[in-house]
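Trainee: Structure for the following, please:
(chains A and B)
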Amino acid sequence: MIGGLFIYNHKGEVLISRVYRDDIGRNAVDAFRVNVIHARQQVRSPVTNIARTSFFHVKRSNIWLAAVTKQNVNAAMVFEFLYKMCDVMAAYFGKISEENIKNNFVLIYELLDEILDFGYPQNSETGALKTFITQQGIKSQTKEEQSQITSQVTGQIGWRREGIKYRRNELFLDVLESVNLLMSPQGQVLSAHVSGRVVMKSYLSGMPECKFGMNDKIVIEKQGKGTADETSKRRPSAPARSGKQSIAIDDCTFHQCVRLSKFDSERSISFIPPDGEFELMRYRTTKDIILPFRVIPLVREVGRTKLEVKVVIKSNFKPSLLAQKIEVRIPTPLNTSGVQVICMKGKAKYKASENAIVWKIKRMAGMKESQISAEIELLPTNDKKKWARPPISMNFEVPFAPSGLKVRYLKVFEPKLNYSDHDVIKWVRYIGRSGIYETRC
Amino acid sequence: MTDSKYFTTTKKGEIFELKAELNSDKKEKKKEAVKKVIASMTVGKDVSALFPDVVNCMQTDNLELKKLVYLYLMNYAKSQPDMAIMAVNTFVKDCEDPNPLIRALAVRTMGCIRVDKITEYLCEPLRKCLKDEDPYVRKTAAVCVAKLHDINAQLVEDQGFLDTLKDLISDSNPMVVANAVAALSEIAESHPSSNLLDLNPQSINKLLTALNECTEWGQIFILDCLANYTPKDDREAQSICERVTPRLSHANSAVVLSAVKVLMKFMEMLSKDLDYYGTLLKKLAPPLVTLLSAEPELQYVALRNINLIVQKRPEILKHEMKVFFVKYNDPIYVKLEKLDIMIRLASQANIAQVLAELKEYATEVDVDFVRKAVRAIGRCAIKVEQSAERCVSTLLDLIQTKVNYVVQEAIVVIKDIFRKYPNKYESVIATLCENLDSLDEPEARAAMIWIVGEYAERIDNADELLESFLEGFHDESTQVQLQLLTAIVKLFLKKPTETQELVQQVLSLATQDSDNPDLRDRGYIYWRLLSTDPVAAKEVVLAEKPLISEETDLIEPTLLDELICYIGTLASVYHKPPSAFVEGGRGVVHKSLPPRTASSESTESPETAPAGAPSSEQPDVIPTQGDLLGDLLNLDLGPPVSGPPLATSSVQMGAVDLLGGGLDSLIGGPNFVAPPAAAVPANLGASMGSGLSDLFDLTSGVGTLSGSYVAPKAVWLPAMKAKGLEISGTFTRQVGSISMDLQLTNKALQVMTDFAIQFNRNSFGLAPAAPLQVHAPLSPNQTVEISLPLNTVGSVMKMEPLNNLQVAVKNNIDVFYFSTLYPLHILFVEDGKMDRQMFLATWKDIPNENEAQFQIRDCPLNAEAVSSRLQSSNIFTVAKRNVEGQDMLYQSLKLTNGIWVLAELRIQPGNPSSLLLQLSLKCRAPEVSQHVYQAYETILKN
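Mentor: Numbering: from 1, shown residues only, chains lettered A, B, ... in the order given. From the prediction side, this is the model:
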């Protein structure tokens, strides 16, 4: 298991050091500093073995978190734990920076004592931790309160405490998708997928039982089988239509509050949500993705010292919708000496420090197209190596889900308290963003 | 006011100041002081001098302060054991506190203080806490047992904590169960023999129930524990798999990977014909792909594991090539791993896409990545024949870029392509020769020299080219030297007239001026060959080369199986067994995949199994080890050859196998003594190390004909059952013939005559080769000894047990029947020695379900004797190597009906005078394994 956990600043000075196992000594702290932080080269592996000691590290801005062990630990668990540790710290004191860590070092030690015991991760849900790690000391808790805390920390529903009350029961659902694309210069889709998240903010009283439904192809088809037998005979087009409205989900993962065995057997998503914001599910789709933009590049080399670049972007969604924050990044060779740009819409600038032309458009409606052309002057070089021509990348935000996912319902039941599903105010929002959206040129 | 100020004080006399503050009356000041102490401790300053003062602050109501003091204690108690005792009282008191959080804190901290005297005081509170009413205290106490075990294992056993811990597995609270499982698993690891976890269907059921309810971390502990269980049959395996599959949708990647581990392991037990098997395969792919959208560090762990999974079960991800395409801003470690997997998944169906990608990658910036991409193009050419032409032209394009490392890498892979497709792409040699001067890496130089030597007849100035290398002969690395030697000898054999001087020059450089025994030996061998029999030399040096493998970098099958058991852990990231990087006794237990045990008996007879006729798709392949692609091409890499035994056979020596396998294993031998330079193997006594005796075994081929082990005669037919005729006998095998040695005794009162014998049909077609010859009538109380020659051409019928033989004997009185079991080793034929390449190919080709594992305890021999003893019974050692101090023998044998049995024998030291042998057998007809194992045991123990 995890033998020790260290936090360093960018210089390699230790900010936090907690040792859990006898086989990890103080020299381990220095070994990591010397061999990894001070190595000052690109990290070749997130796992390093130095003198039979293994170091796992992640970096958040310029802070290094390193877990150390001498045993054959579950490596995936160690990284998951390090991420979790970052989440917990962020939930307590915001951004993970040297300043914040130094200011909260007592708290961090207290957290580390609680969420890692002898190197075994324990309950690390912020909701539960905040009930008893408060930096206030234990203030005359009653016996009931104490046992409520312990039963929550160890219990089956460790992520939610009892007795939450709201005057207004409200929930927000955000479907956040990032659409990824790799396209060849000829416009062939090399790979495309959507990775989506459903983030829920719940302000609900009591211990509400929730059920979430979306246009999952498997569910829709299953339901269709039960009722659509006779209707489909009359209207042969029906199944085709429902097929269009439902989407095929390649895979999905859920927050630990979701009952996985129920999903496995019935494919229904039921859970008791944590209070406040959490990520209900993640999913991935690869079929029938709506690609919001198409990028058409044209690069022409004119002699050895000049390049002509023309890029057309086309928006491919309903004309009534507006895409925002559009940015096209066209890489330029390292030996660029000057660039002239003409664009029809938005603003374009050559940024020498980033070796790219950055073209920004604030808004763009669907089914439109726009164009930029640039002349790039090159310095003559005798460098034999050709320019690697990195792909043209794009950023944007659109108000729909490129995967086609639709929330069908989110039902709330709280049998003990006096409110029903109708009384809950629900909000749903779809945001599609670009992930890695690249077109080779 | 912020806490960061504590990090900045570096005054002299600080300790003194702190001491004063710690003893202050004001609570706030005290707390401030303790914080300062902890901050100093963090940055590595020694503040142990403050021990008594800090401990004095322990008795406080302020929980925050208490925790800080505890933290200090955990750090320094070991260096100040006497003073640490001062803290005991507070601990014991806290363990009785009404607040469960404080009780748990006390017991948790006490477990971290590694001082004997404190440990003694820990026992009572711990016992209480294990039975505490509050689950929070119980789950903390469960882990504390593991802590205590780490300090004093004996104490834990004596105090009976292990039993209490076992009881906690049935606790009502899922988190207590999970922590108890974690603690027990850890303790069990240091006692591999003890049946501590005692996994049985009931306890497994409890764990599976808890799995649905506990935290994500608890699920990991439980899944990792489940993976150690071996279900009793395929039904149980399936039912566990069904309950584990929902975990594949968990958001925590570690839960997913641990679930994958359980499924991959238990799948071994399921029959491939089962519908469920197919369903499971389909269910595994999506979660594995999803892991690739995790953070880069986790992606790396996932990719390392996927690399193992695609080697074990390529069918899972065969359609998922695209997700492994490299993204422009992936970290380099993710890029390299993705590339590896892409090549493994490359097939005819997707090769066009893969090649297009690889070509993109070859223009990237990172040197390692570009090299790997170039190498990958070569591998594609070798793997998918249809793409070879395109690959070659892509490589030529890359050579035109003149980027030094790209050119070198391309030449190394083109050499492999030449090997795979002879006489197809040699037109590019001219282009390659243009780049001769730019090659500065040994591997590329060696590859180029090989090409020049191999195609000497087509390159007009081959002698000049090679001569130019010869000038700096002594500055070259060993692999280049060896290659140059061979290439010049090849050149000489092809163009003897012009190159005589050159060959003499290189031979004298190699034999007289070199310190490298490898080079010298090879030089001498060539010299002798050339001087005694040039025709033979030609046959040897220019012999046909065996095919090269399509797959490279494959992990050895046994290691792969072991690593599959470690999915998700560090071992799977390093691709090494835990014993390679974990110190001490922990985790050194070798894990292996469970054998398949069907609940319903299969009714396959051995005769229908495709014996000896491998239905392999890729016959005669030599896989290469690691990145040592050079090995493919008789580029000997010199001493550090420690790969799998079959990986390094030299190529052009095919027929003799003296240079290749012989020398390599000679070097690999542990007691290697440098042979005198001119020594010829035959002069070396058997007193040389095991490496040499290995060489003998390999070269002598059908060496010892002393015959296999003969069991003492046993009574087969007692006189009572046969009207006075008693028959005892045994089976022997000598110089290739089997016989049945019979002893007939007449215990009746009348003379017996007219003997005849007949066998019923049996599994291997054993039949008398001659009639039973009893020359004189057998008088009462007379005994006659007869040797009845047998052959194996009789009719065949599967018997139960397999080696059952029913015999009928007739005399003038009556016909008598008896049955006997013959030892299987009489059926081991003399030409049962499989060639190394064939061995590895066959080993891979035989499905793992056919593998059977046995243990032979208390073998009274030493390692050398084992091999020779087995050889005299026609079990041949094909190769031998040493893994982590244990000898591994790879053996083959063939039965009279052509069934090959392959064996891997791991020799472990048992008691001082005996060995513990682990035997894995692989055979296309798995029914024989049990009997082969018995034969092994008989041979070795007698």
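Trainee: Can you tell me the SS state at A:Ala192?
Mentor: With DSSP: H, G, I helix; E, B strand; the rest coil as the basis, the three-state label of A:Ala192 is strand.
Trainee: Was I right to think it contacts A:Asn180?
Mentor: Yes - between A:Ala192 and A:Asn180 there is a contact under Cβ atoms under 8 Å: 6.6 Å. Yep, even glycine has a C-beta here, placed from its N, CA and C like the rest.
Trainee: Quick check: pLDDT value at A:Gly226.
Mentor: On pLDDT, A:Gly226 comes in at 55.
Trainee: Next: the one 10 residues further on.
Mentor: Reported pLDDT at A:Pro236 in the predicted model: 41.
Trainee: for B:Asn75, same thing?
Mentor: 85.
Trainee: Pull the contacting residues for it.
Mentor: A:19, B:41 (Cβ atoms under 8 Å, 6 or more residues apart in numbering or on different chains).
Trainee: how near is it to B:Glu32?
Mentor: From B:Asn75 across to B:Glu32, the span is 19 Å (Cβ to Cβ, to the nearest Å).
Trainee: how about the residues of the stretch 151-300 of chain B that lie near chain A?
Mentor: The stretch 151-300 of chain B comes close to chain A at residues B:173-176, B:179, B:182, B:186, B:212-217, B:220-221, B:224, B:243, B:245-247, B:249-254, B:256-258, B:286-287, B:289-290, B:293, B:295-298, B:300, as judged by Cβ under 8 Å from any Cβ of the partner chain.
Trainee: Filter those residues down to the buried ones.
Mentor: B:173-176, B:179, B:182, B:186, B:212-217, B:220-221, B:224, B:243, B:245-247, B:249-254, B:256-258, B:286-287, B:289-290, B:293, B:297-298, B:300 (16 or more other Cβ atoms under 10 Å in any protein chain shown).
Trainee: give me the low-pLDDT residue ranges for the chain?
Mentor: Using chain A here. Scanning chain A for pLDDT under 70 picks out A:135-141, A:224-244, A:383-386.
Trainee: hmm, I had chain B in mind actually
Mentor: In the predicted model of chain B, residues B:1-2, B:8-13, B:192-194, B:551-552, B:584-589, B:597-708, B:885, B:909-913 satisfy pLDDT under 70.
Trainee: Do a quick rundown of the strands in it.
Mentor: Taking DSSP state E as the criterion, chain B carries its strands at B:714-717, B:725-734, B:737-746, B:756-759, B:767-768, B:783-791, B:804-810, B:815-821, B:851-859, B:876-883, B:886-894, B:900-909, B:915-923.
Trainee: And the ones you listed: which comes nearest chain A?
Mentor: Proximity to chain A (Cβ to the nearest Cβ) singles out strand B:876-883 among these, at 17.5 Å.
Trainee: Show me what that closest one is packed up against.
Mentor: helix B:663-668, helix B:690-700, helix B:836-845, helix B:863-872, strand B:886-894 (3 or more Cβ pairs under 8 Å, 6 or more residues apart in numbering or on different chains; DSSP states H and E).
Trainee: one more time with 10 Å
Mentor: Under the contact definition 3 or more Cβ pairs under 10 Å, 6 or more residues apart in numbering or on different chains; DSSP states H and E, strand B:876-883 sits against helix B:663-668, helix B:690-700, helix B:836-845, helix B:863-872, strand B:886-894, strand B:900-909.
Trainee: distance between the fifth one and the chain's centre?
Mentor: In other words, strand B:886-894. Mean-position distance between strand B:886-894 and its chain equals 14 Å (Cα atoms, centre = their mean, to the nearest Å).
Trainee: Same question for the fourth one.
Mentor: Averaging C-alpha coordinates over helix B:863-872 and over its chain gives two centres that are 23 Å apart (Cα atoms, centre = their mean).
Trainee: now the angle between strand B:876-883 and that helix, please.
Mentor: Interaxial angle of helix B:863-872 relative to strand B:876-883 (axes from the mean of the first three to the mean of the last three Cα atoms, to 10 degrees): 160 degrees.
Trainee: Only C-alpha atoms, please: export helix B:863-872 in CSV.
Mentor: Output in CSV follows, covering the C-alpha atoms of helix B:863-872 (Å, rounded to 0.1, in the frame of the first residue of the first chain):
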residue,chain,number,x,y,z
ALA,B,863,19.4,-29.6,-10.4
GLU,B,864,21.9,-31.1,-12.8
ALA,B,865,21.0,-34.6,-12.0
VAL,B,866,17.3,-33.9,-12.7
SER,B,867,18.1,-33.0,-16.2
SER,B,868,20.3,-35.9,-17.0
ARG,B,869,18.0,-38.4,-15.2
LEU,B,870,15.1,-37.2,-17.3
GLN,B,871,17.1,-37.3,-20.4
SER,B,872,17.8,-41.0,-19.9
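Trainee: how big is the angle separating it from strand B:900-909?
Mentor: Using the same axes, to 10 degrees, the direction of helix B:863-872 lies 160 degrees away from that of strand B:900-909.
Trainee: Repeat that for the fifth one.
Mentor: Using the same axes, to 10 degrees, the interaxial angle of strand B:886-894 with respect to strand B:900-909 works out to 160 degrees.
Trainee: Which neighbouring elements make contact with strand B:886-894?
Mentor: If you count contacts as 3+ Cβ pairs under 10 Å, 6+ apart, strand B:886-894 packs onto helix B:836-845, helix B:863-872, strand B:876-883, strand B:900-909, strand B:915-923, helix B:929-941.
Trainee: Make CSV out of these and add mean neighbour count.
Mentor: Output for these, formatted as CSV (neighbours: other Cβ atoms under 10 Å in any protein chain shown):
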stretch, mean neighbour count
helix B:836-845, 22
helix B:863-872, 19
strand B:876-883, 22
strand B:900-909, 21
strand B:915-923, 21
helix B:929-941, 20
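Trainee: Adding distance to A:Asp275, write these out as a markdown table.
Mentor: Putting the helices and strands packed on strand B:886-894 into a markdown table (distance: least, Cβ to Cβ, whole Å) gives the following:
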| stretch | distance to A:Asp275 |
| --- | --- |
| helix B:836-845 | 55 |
| helix B:863-872 | 66 |
| strand B:876-883 | 55 |
| strand B:900-909 | 56 |
| strand B:915-923 | 55 |
| helix B:929-941 | 60 |
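Trainee: That concludes my questions; thank you for your assistance.
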